[in-house]
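**Q** quick one: sequence plus predicted model below, questions after.
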Amino acid sequence: AQRVTQPEKLLSVFKGAPVELKCNYSYSGSPELFWYVQYSRQRLQLLLRHISRESIKGFTADLNKGETSFHLKKPFAQEEDSAMYYCALGETSGSRLTFGEGTQLTVNP
Amino acid sequence: DVKVTQSSRYLVKRTGEKVFLECVQDMDHENMFWYRQDPGLGLRLIYFSYDVKMKEKGDIPEGYSVSREKKERFSLILESASTNQTSMYLCASRSGGANYEQFFGPGTRLTVL
(Lines give C-alpha, C1' and ligand atoms only; values in the text may rest on other atoms or scores of the structure.)
Protein backbone atom coordinates (compact mmCIF):
# COMPACT_ATOMS: atom_id res chain seq x y z
CA ALA A 1 0.00 0.00 0.00
CA GLN A 2 1.14 3.54 -0.65
CA ARG A 3 2.36 5.68 2.20
CA VAL A 4 3.60 9.25 2.61
CA THR A 5 5.68 10.33 5.59
CA GLN A 6 6.55 13.84 6.67
CA PRO A 7 8.92 13.41 9.61
CA GLU A 8 8.69 16.99 10.90
CA LYS A 9 5.38 18.05 12.41
CA LEU A 10 6.72 21.53 13.20
CA LEU A 11 9.47 23.52 11.51
CA SER A 12 10.58 26.97 12.50
CA VAL A 13 13.07 29.16 10.59
CA PHE A 14 14.01 32.80 10.43
CA LYS A 15 13.16 35.06 7.52
CA GLY A 16 15.80 34.82 4.81
CA ALA A 17 17.02 31.39 5.91
CA PRO A 18 16.79 28.34 3.64
CA VAL A 19 13.98 25.92 4.35
CA GLU A 20 13.50 22.27 3.49
CA LEU A 21 10.34 20.30 4.24
CA LYS A 22 10.94 16.58 4.04
CA CYS A 23 8.67 14.04 2.36
CA ASN A 24 9.27 10.33 1.88
CA TYR A 25 6.97 7.92 0.15
CA SER A 26 6.52 4.23 -0.47
CA TYR A 27 4.75 3.08 -3.60
CA SER A 28 5.32 0.13 -5.88
CA GLY A 29 4.32 1.93 -9.07
CA SER A 30 5.48 5.12 -10.74
CA PRO A 31 4.41 7.92 -8.38
CA GLU A 32 2.87 11.30 -9.00
CA LEU A 33 3.96 13.62 -6.19
CA PHE A 34 2.46 16.91 -5.06
CA TRP A 35 2.80 19.56 -2.41
CA TYR A 36 -0.35 21.21 -1.08
CA VAL A 37 -0.39 24.25 1.21
CA GLN A 38 -2.93 25.66 3.63
CA TYR A 39 -2.45 29.23 4.80
CA SER A 40 -4.18 30.40 7.94
CA ARG A 41 -7.96 30.57 7.46
CA GLN A 42 -7.70 29.59 3.80
CA ARG A 43 -8.57 26.41 2.01
CA LEU A 44 -6.06 23.78 1.04
CA GLN A 45 -4.57 24.42 -2.39
CA LEU A 46 -2.05 22.89 -4.74
CA LEU A 47 1.45 24.39 -4.48
CA LEU A 48 3.33 22.34 -7.02
CA ARG A 49 3.51 18.95 -8.71
CA HIS A 50 6.67 17.08 -9.66
CA ILE A 51 5.65 16.41 -13.22
CA SER A 52 5.51 20.08 -14.15
CA ARG A 53 8.98 20.77 -12.68
CA GLU A 54 8.05 24.38 -12.02
CA SER A 55 8.90 26.78 -9.22
CA ILE A 56 5.97 28.31 -7.38
CA LYS A 57 6.48 31.18 -4.92
CA GLY A 58 10.19 30.31 -4.95
CA PHE A 59 9.60 26.71 -3.88
CA THR A 60 10.99 23.74 -5.77
CA ALA A 61 10.80 20.02 -5.20
CA ASP A 62 12.76 17.25 -6.88
CA LEU A 63 11.56 13.71 -7.07
CA ASN A 64 14.34 11.33 -6.01
CA LYS A 65 13.19 7.84 -6.89
CA GLY A 66 16.33 6.24 -5.43
CA GLU A 67 15.68 7.74 -2.01
CA THR A 68 11.88 7.76 -2.51
CA SER A 69 11.79 11.40 -1.46
CA PHE A 70 10.16 14.60 -2.64
CA HIS A 71 11.51 17.32 -0.39
CA LEU A 72 10.24 20.89 -0.72
CA LYS A 73 12.89 23.62 -0.71
CA LYS A 74 13.14 27.37 -0.75
CA PRO A 75 16.45 29.23 -0.55
CA PHE A 76 15.15 32.29 1.32
CA ALA A 77 12.05 31.88 3.48
CA GLN A 78 9.53 34.71 3.80
CA GLU A 79 7.09 35.36 6.63
CA GLU A 80 4.17 34.79 4.24
CA ASP A 81 5.40 31.22 3.73
CA SER A 82 4.15 30.34 7.21
CA ALA A 83 1.51 27.66 6.62
CA MET A 84 0.71 23.96 6.86
CA TYR A 85 2.31 21.95 4.07
CA TYR A 86 1.17 18.51 2.94
CA CYS A 87 2.97 16.15 0.64
CA ALA A 88 0.68 13.91 -1.42
CA LEU A 89 1.07 10.87 -3.67
CA GLY A 90 -1.21 10.07 -6.58
CA GLU A 91 -1.70 6.58 -7.91
CA THR A 92 -0.95 6.12 -11.58
CA SER A 93 -4.10 4.13 -12.15
CA GLY A 94 -6.57 5.86 -9.93
CA SER A 95 -7.97 9.18 -8.87
CA ARG A 96 -7.15 9.28 -5.19
CA LEU A 97 -4.33 11.02 -3.35
CA THR A 98 -2.58 9.81 -0.22
CA PHE A 99 -1.49 12.65 2.03
CA GLY A 100 1.28 12.86 4.60
CA GLU A 101 0.78 14.04 8.16
CA GLY A 102 1.66 17.63 7.33
CA THR A 103 4.40 20.04 8.45
CA GLN A 104 3.55 23.34 10.11
CA LEU A 105 6.11 25.87 8.91
CA THR A 106 6.65 29.06 10.87
CA VAL A 107 8.90 31.77 9.47
CA ASN A 108 9.96 34.17 12.18
CA PRO A 109 10.84 37.81 11.50
CA ASP B 1 -12.19 29.37 -10.89
CA VAL B 2 -13.32 26.08 -9.47
CA LYS B 3 -15.66 26.56 -6.60
CA VAL B 4 -16.23 23.89 -3.99
CA THR B 5 -18.66 24.83 -1.27
CA GLN B 6 -19.61 23.06 1.94
CA SER B 7 -22.96 23.56 3.61
CA SER B 8 -21.69 24.55 7.04
CA ARG B 9 -18.50 26.10 8.38
CA TYR B 10 -19.18 25.00 11.95
CA LEU B 11 -21.51 22.31 13.25
CA VAL B 12 -22.23 21.07 16.77
CA LYS B 13 -24.12 17.81 17.21
CA ARG B 14 -24.88 15.40 20.02
CA THR B 15 -23.77 11.81 20.30
CA GLY B 16 -26.11 9.51 18.42
CA GLU B 17 -27.46 12.13 16.05
CA LYS B 18 -27.51 11.57 12.31
CA VAL B 19 -25.36 14.20 10.63
CA PHE B 20 -25.32 15.31 7.01
CA LEU B 21 -22.43 17.22 5.49
CA GLU B 22 -23.04 18.57 2.03
CA CYS B 23 -20.54 19.48 -0.68
CA VAL B 24 -21.25 21.11 -4.02
CA GLN B 25 -18.86 21.81 -6.91
CA ASP B 26 -19.58 23.91 -9.96
CA MET B 27 -17.02 22.65 -12.47
CA ASP B 28 -18.67 19.44 -13.68
CA HIS B 29 -15.97 17.33 -12.04
CA GLU B 30 -16.35 13.57 -12.16
CA ASN B 31 -14.46 12.84 -8.95
CA MET B 32 -15.35 13.99 -5.47
CA PHE B 33 -13.76 13.18 -2.12
CA TRP B 34 -14.37 13.43 1.61
CA TYR B 35 -11.43 13.72 4.00
CA ARG B 36 -11.06 14.34 7.67
CA GLN B 37 -8.20 16.51 8.83
CA ASP B 38 -6.72 15.94 12.29
CA PRO B 39 -3.54 17.42 13.79
CA GLY B 40 -0.63 15.05 13.47
CA LEU B 41 -2.60 12.68 11.24
CA GLY B 42 -2.89 14.81 8.11
CA LEU B 43 -5.73 14.25 5.67
CA ARG B 44 -7.32 10.84 5.68
CA LEU B 45 -9.65 9.76 2.92
CA ILE B 46 -13.08 8.63 4.09
CA TYR B 47 -14.89 7.99 0.80
CA PHE B 48 -14.68 9.08 -2.79
CA SER B 49 -16.91 8.98 -5.83
CA TYR B 50 -15.88 8.82 -9.47
CA ASP B 51 -19.36 9.14 -10.95
CA VAL B 52 -22.98 9.65 -10.01
CA LYS B 53 -24.18 6.87 -7.71
CA MET B 54 -20.68 5.38 -7.64
CA LYS B 55 -18.61 5.35 -4.47
CA GLU B 56 -15.53 3.73 -3.07
CA LYS B 57 -14.27 3.38 0.47
CA GLY B 58 -11.19 5.28 1.43
CA ASP B 59 -8.90 4.53 4.34
CA ILE B 60 -11.29 5.25 7.23
CA PRO B 61 -14.90 4.59 6.09
CA GLU B 62 -16.15 3.09 9.37
CA GLY B 63 -19.02 5.08 10.83
CA TYR B 64 -19.61 7.02 7.61
CA SER B 65 -21.62 6.66 4.44
CA VAL B 66 -21.96 8.83 1.34
CA SER B 67 -24.46 9.71 -1.31
CA ARG B 68 -23.99 11.06 -4.80
CA GLU B 69 -27.30 11.43 -6.58
CA LYS B 70 -26.21 14.36 -8.75
CA LYS B 71 -22.85 15.03 -10.31
CA GLU B 72 -22.29 18.31 -8.51
CA ARG B 73 -23.24 17.15 -5.02
CA PHE B 74 -21.53 14.71 -2.67
CA SER B 75 -22.92 14.14 0.82
CA LEU B 76 -21.19 12.64 3.82
CA ILE B 77 -23.45 11.00 6.40
CA LEU B 78 -22.61 10.11 9.96
CA GLU B 79 -25.28 7.56 10.81
CA SER B 80 -24.84 7.89 14.58
CA ALA B 81 -22.34 10.57 15.52
CA SER B 82 -19.74 9.77 18.14
CA THR B 83 -17.27 11.99 19.97
CA ASN B 84 -14.33 10.49 18.07
CA GLN B 85 -15.82 11.92 14.89
CA THR B 86 -15.14 15.44 16.11
CA SER B 87 -12.88 16.78 13.38
CA MET B 88 -12.45 19.08 10.41
CA TYR B 89 -14.07 17.61 7.30
CA LEU B 90 -12.81 18.62 3.87
CA CYS B 91 -14.51 18.01 0.57
CA ALA B 92 -12.59 18.07 -2.72
CA SER B 93 -13.25 17.55 -6.39
CA ARG B 94 -11.19 16.99 -9.51
CA SER B 95 -11.74 16.32 -13.15
CA GLY B 96 -11.20 12.92 -14.72
CA GLY B 97 -8.10 11.98 -16.65
CA ALA B 98 -4.48 12.48 -15.73
CA ASN B 99 -4.81 15.83 -13.98
CA TYR B 100 -4.59 15.02 -10.31
CA GLU B 101 -5.16 18.48 -8.92
CA GLN B 102 -7.89 18.38 -6.31
CA PHE B 103 -9.83 21.51 -5.43
CA PHE B 104 -10.86 21.81 -1.83
CA GLY B 105 -13.79 23.32 -0.01
CA PRO B 106 -13.36 25.54 3.06
CA GLY B 107 -14.04 22.71 5.47
CA THR B 108 -16.67 21.95 8.12
CA ARG B 109 -15.57 21.92 11.73
CA LEU B 110 -17.78 19.29 13.38
CA THR B 111 -17.98 18.96 17.13
CA VAL B 112 -19.83 15.99 18.61
CA LEU B 113 -20.76 16.43 22.27
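**A** In hand now; what should we look at?
**Q** strands of chain A, start to end?
**A** A:3-5, A:10-14, A:19-21, A:24-26, A:32-38, A:45-49, A:60-61, A:72-74, A:83-90, A:97-99, A:103-108 (DSSP state E).
**Q** what's the burial count for the nearest residue to B:R73 once chain neighbours are set aside?
**A** If the residues on either side of it in the chain are set aside, B:R73 comes closest to B:V24, at 5.2 Å by CB to CB, 6 or more residues apart in numbering or on different chains. C-beta here means a position set from N, CA and C on the backbone, and glycine is covered the same way. Neighbour count for B:V24, taken as other CB atoms under 10 Å in any protein chain shown: 18.
**Q** repeat for B:E17
**A** Neighbours of B:E17 under the rule other CB under 10 Å: 13.
**Q** can you add mean neighbour count and mean pLDDT and give the strands of chain A back as a markdown table?
**A** Below are those laid out as a markdown table (neighbours: other CB atoms under 10 Å in any protein chain shown; pLDDT from 0 to 100):
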| stretch | mean neighbour count | mean pLDDT |
| --- | --- | --- |
| strand A:3-5 | 17 | 94 |
| strand A:10-14 | 14 | 97 |
| strand A:19-21 | 19 | 97 |
| strand A:24-26 | 17 | 95 |
| strand A:32-38 | 22 | 94 |
| strand A:45-49 | 18 | 91 |
| strand A:60-61 | 20 | 93 |
| strand A:72-74 | 19 | 96 |
| strand A:83-90 | 23 | 95 |
| strand A:97-99 | 23 | 92 |
| strand A:103-108 | 17 | 98 |
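**Q** which strand residues bridge the closest residue to A:I51 other than its chain neighbours?
**A** Excluding the flanking residues, the one nearest A:I51 by CB to CB, 6+ apart is A:E32, at 6.4 Å. Counting by DSSP bridges, A:E32 is bridged to A:G90.
**Q** for the one 4 residues further on, same thing?
**A** As for beta bridges, A:Y36 partners with A:L46, A:Y86 under DSSP bridges.
**Q** I figured it hits A:Y85, correct?
**A** Yes. Between A:Y36 and A:Y85 a contact is recorded at 7.3 Å, counting by CB atoms under 8 Å.
**Q** overlap in contacts of those two?
**A** Taking CB atoms under 8 Å, 6 or more residues apart in numbering or on different chains as the contact criterion, the residues that touch both A:Y36 and A:Y85 are A:L47.
**Q** quick revisit: so for B:L76, which of the strands of chain A sits nearest?
**A** The minimum distance between B:L76 and these falls on strand A:97-99, with 17.4 Å, by CB to CB.
**Q** show me where pLDDT drops low in chain B?
**A** Along chain B, segments meeting pLDDT under 70 span B:1-2, B:98-100.
**Q** how does it look with 80?
**A** The model of chain B has pLDDT under 80 over residues B:1-2, B:96-100.
**Q** show me which residues of it sit near chain A.
**A** Selection of chain B residues close to chain A by CB under 8 Å from any CB of the partner chain yields B:4, B:31, B:33, B:35, B:40-45, B:48, B:50, B:58, B:90, B:92, B:94, B:96, B:100-102, B:104-107.
**Q** what about burial for these, which qualify?
**A** Using 16 or more other CB atoms under 10 Å in any protein chain shown as the burial test, the residues of chain B next to chain A include B:4, B:31, B:33, B:35, B:42-45, B:48, B:50, B:58, B:90, B:92, B:94, B:100, B:102, B:104-107 as buried.
**Q** for the most centrally placed residue in chain B, give me its contacts.
**A** Centroid check for chain B by CA atoms, centre = their mean gives B:W34 as the closest residue, at 2.8 Å. Shown in contact with B:W34 (CB under 8 Å, 6+ apart): B:21, B:23, B:45-48, B:58, B:64, B:66, B:74, B:76, B:89-91.
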